[in-house]
Every structure is written in structure tokens, then in C-alpha cells.
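Student: here's a sequence, model it:
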Amino acid sequence: MTRLVPLAFVLIFAALPALADRIDVQPGDGALARALWAARAGDEIVLASGHYAGPVHIEIPLTLTGTTGAIIDAGGVGSVVTVDAPDVTIQSLTLINSGRVHEPGDAGVKLTQKARGAQVLNNDLKGNLIGVDIHGARDALVQDNRIEGLQLSRMNDRGNGVYVWNAPGSIVKDNDIRYGRDGIFSNVSKHNIYRGNLFRDLRFAVHYMYTNDSEISGNVSIGNHLGFAMMYSDRIVARDNISINDRDYGVMLNYTNKSDVFANQVSGGAEKCAFVYNSHNNLLAENSFNGCDIGIHFTAGSERNTVTGNAFIGNHTQVKYVGASDVEWSFEGRGNFWSDHPSFDLNGDDRADSTYRPNDVMDHILWSQPAAKLLIGSPAVQLVRWSQEQFPATAIGGVIDSHPLIVAPKLTIPQNLLLLAQSTPHWATGASHDDATDFQPD
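Tutor: Down below sits the predicted model:
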């Protein structure tokens, strides 16, 4: 019996996993490759300051960590680091010079379908076609990275900062992404969170295609062609995002349904603060649309949307909406704030005493017959507008706010973001040639 006790202990300890090792690596010819070959599951490989040759391929769960000055250089071939195993962490490294092949997509870090639960943390990624490619890796985390994309003159030759393809549960947060094509391009995925990222000098800050049941929150878009584009996607929550000095649109919904667009701020001269195209059953509430050529453009039969509590401030045209029937833009007695609505609040309920129609008959004529713009300022145009004011029954269909707000929702843009926005946007320098957005409506 006593002889069986030591045997039992041997069997127990044999069943326990081996303790993870720390493998310290100094720069040298083949040093990183040798460390990867010798590593076991759970080990941490720590790279000292210096240059290491890529591409690197990781096939077991481990952690790859860099100390200050540790650089992996792919030399222009393939992805710098490819992760082909679950539960891998890549952190505190500088990853540079991927190849420039769009298919299958060379990247600073490529997470394959096997890379479930991968973490890409606190890295500098420069000179790569794609910063991080989450290519089918479920539950990945990309956080606190600084991604600087290519600045090729043809924008379509550049890659995205983070490309998410069919990667449910992945989170991209608190990254600083600049240059390249799109900040985050999310395609054919679901249950993703994109939060707290800063996007500058890109085409789209966030570009959703066929991505459902996901969240875009607390992100900042500065000086891009378009801020937050939700296309062919349903049940999206887009809240607390900021768009400053974006060129075309701050927020766009294109074939997007049953989504909440809440407490976002668009400021600084975009062509359209918000654009809603063929999108239905959405909530647009508590947003601030400030200083655009058009505050919000609804078109292509967008219906059953709830628009309430928004602030339309100083836009050249507050709303562009062409329709044959009235569309009410208030909900449960609460409308929106309109900076150009001169009205009183005699009963003190914080609602204007008169309804607001952002567009008149002449607006509809000018939109449908652009040549009529030559008549702006003429007595005939002024007579039509005066007649509609005196005889409201002559008004044709369009937006009507029956309960306009007297006070705008209080949303402020932090001073540090306003300072960032003072620099000239990359698009304004003429550095990009074929820089049109994917979607160009009539």
C-alpha cells in the first residue's frame, strides 16, 4: 500500500501541464526563428531591443513580447506576423514592411481562422499594407495599437488599418489609426465592438458591410472623407462618436435597418452631416449636426425612422427630404432643436409654440430641377416662399417637427480633439487621386 502512494503522486504531477517558460532573445541571424522552434505552448518569447527578420509564423499558443526598440521587419514579403493558433498574444512590438499583395492580404499582424482569442496589444505598425487582419479569428482583441498606413497616391492601392472579416466577438478598441484606406473595414461579421479609436486622414473611419448586431461607440474621426459608414447592416448601435472636418459625410446609413444612432456629434463643414439612404426602422436621437452644407439628407424611401432630440445647428440646409406626404420628426411630444427656427415658448415647456418645416416648395423645385438655382434671389422665388408662409395649405409633403425644442442637447467636443482638428486634412492637400467614396448617390 505504501508503495502505491508515491506512484499516485507521480501520476498526478505527470498530468499537470508544464510550467510556462520565458525565453529571452537577443537580435541575431535566425535568433527569433530558433526561439519559436524551441518554444512550447504557453511560453513567453521576449525580444530585446534590435531588428529581427520576418515574416514570422506562430503555430502554438504563446506570447510574443517586445522590449523598447524591438522591431520585426518582413522585408516587403508577406505578413510580418501570422498567427495560426489560439490564445496567442502579440504585444509591445514595432512591426514594419509587410508585402503589398491585396489577396490574401499582407498585414502587420494576420490572425487566421485558427487564431481564436488572439490579442494584439500596444504595438506600433508602420509601412504595412493592412495593419491588423482579423481574418476569421473569433473573439480577438486589438487594443492600444498605433497603426500608420501607406500614403500611396492611389487610395485604392492602400490597405485598411484593421480589417475584420467573419470574426464574431472581436473587439477593436483604443487604437490610433492614421493614413491607409479605411480605419476599420468590417465585412460579413457580427457581434463586434469598435470603441474608443481615433481615426485620421483616411477614406472611411469605420466602414461596415454586412455586419450585424454590433457596436460603434466613443470613436473619433478627424479629417477623413467619411466618418462612420453603416452599409447593408442591421441592429447596429452607433453612439457617442465624433466626426470633425470629415469631407463628405459624418454619419451614413445605407440599407441599414433597426439601428440606434445616438448622441453622436458631427461638426466642421462636411457636405452632409448625416445621410440616410433606403434605411428603415432606425432611431436617430440626441445627435448634434453642426455646420455642414446639409444637416441630414433622407432619400430613397427611408421610412419608419424615429428622429428626436437632435440638434441641427448652423447648417446651410438643415434637411433635404423629398416626399409627397408629411413625415413627423418628433416622438412622444419631443422634437428636435433647429437653430434657424424663430419661435417662442410662452408656456415654458421647453417646446416651441409653432411647428417647424425645414423645407418649402422652392427647396423641392431646386432639388428636382437644378437649373432653377439660377433664379435664387429673384422676385418670383421670394413670392413663392412668401405665399407658402401665408397659406400653409400650399405646402407639399416633407419633414414636419410638431414639437421643436427650444434648447439644444448639451454635447461638447473635448479641447484636445479640436486642437488635433486644426491640422490640414490629408484629402485637402490633393495627395489622393481616386479618392471617391464607395457610394455616390444622385
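Student: what about residue 113, which SS state?
Tutor: Judged by DSSP: H, G, I helix; E, B strand; the rest coil, the three-state class of residue 113 is coil.
Student: no wait, residue 36
Tutor: Using three-state DSSP, the three-state assignment for residue 36 comes out as helix.
Student: give me the distance from stretch 226-233 to the chain's centre.
Tutor: Using Cα atoms, centre = their mean, to the nearest Å, the distance from the centre of stretch 226-233 to the centre of the chain it belongs to is 8 Å.
Student: avg pLDDT for it?
Tutor: The average pLDDT for stretch 226-233 rounds to 97.
Student: so which bits of that stretch are buried?
Tutor: By neighbour count with 16 or more other Cβ atoms under 10 Å, stretch 226-233 contains the buried residues 226, 227, 228, 229, 230, 231, 233. Every residue, glycine included, has its C-beta placed from N, CA and C.
Student: of these, closest to residue 114?
Tutor: Nearest to residue 114 among the buried residues of stretch 226-233, counting by Cβ to Cβ, is residue 233 at 26.5 Å.
Student: hmm, residue 210 and the closest one touching each other?
Tutor: Yes: assessed by Cβ atoms under 8 Å, residue 233 is found in contact with residue 210 at 6.3 Å.
Student: my read is residue 427 is in a strand, agree?
Tutor: No: assigned with three-state DSSP, residue 427 falls outside any strand and is helix.
Student: okay, it: pLDDT?
Tutor: Here the pLDDT value assigned to residue 427 is 83.
Student: tell me how far the nearest residue to residue 201 once chain neighbours are set aside lies from residue 272.
Tutor: Spatial nearest neighbour of residue 201, chain neighbours left out: residue 426 (3.6 Å); criterion: Cβ to Cβ, 6 or more residues apart in numbering. Computed as Cβ to Cβ, to the nearest Å, the residue 426 to residue 272 distance reads 20 Å.
Student: which of those two has more residues huddled nearby?
Tutor: With neighbours defined as other Cβ atoms under 10 Å, residue 426 and residue 272 compare such that residue 272 has more, 25 against 20.
Student: so what's the more buried one up against?
Tutor: Applying Cβ atoms under 8 Å, 6 or more residues apart in numbering to residue 272 gives the contacts 248, 249, 250, 292, 293, 294, 295, 296, 297, 320.
Student: neighbours of residue 327, how many?
Tutor: Burial of residue 327 is recorded as 18 neighbouring residues (other Cβ under 10 Å).
Student: beta partners for it?
Tutor: Taking DSSP bridges, one finds residue 399 as the beta-bridge partners of residue 327.
Student: count the residues that sit near residue 175.
Tutor: Residue crowding around residue 175 was assessed by other Cβ under 10 Å; the count is 28.
Student: that one against residue 147, yeah?
Tutor: Yes: with contact defined as Cβ under 8 Å, residue 175 reaches residue 147; the gap is 6.2 Å.
Student: ok, residue 37 - how many residues close by?
Tutor: As a burial measure, the neighbour count of residue 37 was computed by other Cβ under 10 Å and equals 8.
Student: sort the contacts of residue 272 by pLDDT and name the bottom one.
Tutor: Sorting the contacts of residue 272 by pLDDT puts residue 320 at the bottom of the list (91).
Student: between residue 175 and residue 147, what contacts are shared?
Tutor: Counting by Cβ under 8 Å, 6+ apart, the residues touching both residue 175 and residue 147 are 161, 162.
Student: circling back: now the contacts of residue 272 as TSV including distance to residue 353, secondary structure and neighbour count?
Tutor: TSV is the format used below for the contacts of residue 272 (distance: Cβ to Cβ, whole Å; DSSP: H, G, I helix; E, B strand; the rest coil; neighbours: other Cβ atoms under 10 Å):
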residue	distance to residue 353	secondary structure	neighbour count
248	37	coil	22
249	33	strand	29
250	31	strand	34
292	28	coil	28
293	30	coil	14
294	27	strand	19
295	22	strand	29
296	24	strand	30
297	28	strand	24
320	26	strand	22
